[in-house]
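Chemist: below are the sequence and a predicted model for it; my questions follow.
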Amino acid sequence: QVQLVESGGGLVQAGGSLRLSCTAAERAFSVYHMGWFRQAPGKEREFVAAISATGGITLYADSVEGRFTMSRDNAKNTLYLQMNSLKPEDTAAYYCAASFHNGATQGTLYRYWGRGTQVTVSS
């Protein structure tokens, strides 16, 4: 089992940047492929980005491609999401998740989830 804790959310103006972190207490973190998802009020959960266990492969949703960068530091059991050029439509709760499936975009393929961190982008 992997316990995931997100941090780094907050309020930012449109055009600004935030970096989210997701930390796991377990060394097993390095064997999991990881993903970021988000959910805005009244909307369905949405895939944001995914990264392979070694960090060599990343995948992004079209809506964030070129603005967000996902990375990981397995030595620190930490996952990151650098978010630049933020837009009001990026406002959501952001969740990290762990999967045995590389490149998974469906939330159902992720086994472990954090509790989320809120990102609010003002116009």
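Modeler: It's in. It should be emphasised that the depicted structure is a prediction, and the values quoted were computed from it without experimental measurement.
Chemist: quick one: average confidence on the helix or strand where A98 lies?
Modeler: Using DSSP states H and E, A98 sits within strand 92-99. The average pLDDT for strand 92-99 rounds to 98.
Chemist: given it, what are its sheet partners and their directions?
Modeler: Strand 92-99 sits in its sheet next to strand 33-39 (antiparallel), strand 110-113 (antiparallel), strand 117-122 (antiparallel), going by DSSP bridges.
Chemist: possible to save those strands as TSV with distance to G15?
Modeler: Glycine gets a C-beta too; all of them are placed from N, C-alpha and C. Listed next are those as TSV, based on distance: least, Cβ to Cβ, whole Å:
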stretch	distance to G15
strand 33-39	19
strand 110-113	30
strand 117-122	9
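Chemist: so which of those is the most surrounded?
Modeler: Mean neighbour count (mean count of other Cβ atoms under 10 Å) peaks for strand 33-39 among those, with a mean of 24.
Chemist: got the CA positions of it in CSV?
Modeler: Output of strand 33-39 as CSV, limited to C-alpha atoms (Å, rounded to 0.1, in the frame of the first residue of the first chain):
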residue,chain,number,x,y,z
HIS,A,33,3.5,4.6,-12.5
MET,A,34,2.0,7.9,-11.3
GLY,A,35,-0.7,10.3,-12.4
TRP,A,36,-2.2,13.6,-11.7
PHE,A,37,-5.9,14.2,-11.9
ARG,A,38,-8.2,17.1,-11.2
GLN,A,39,-11.8,17.7,-10.4
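Chemist: pLDDT of that strand, averaged?
Modeler: Strand 33-39 shows a mean pLDDT of 98.
Chemist: all the strands of this protein, residue numbers only.
Modeler: With strands called from DSSP state E, the chain shows them at 4-7, 10-13, 18-24, 33-39, 46-51, 58-60, 68-73, 78-83, 92-99, 110-113, 117-122.
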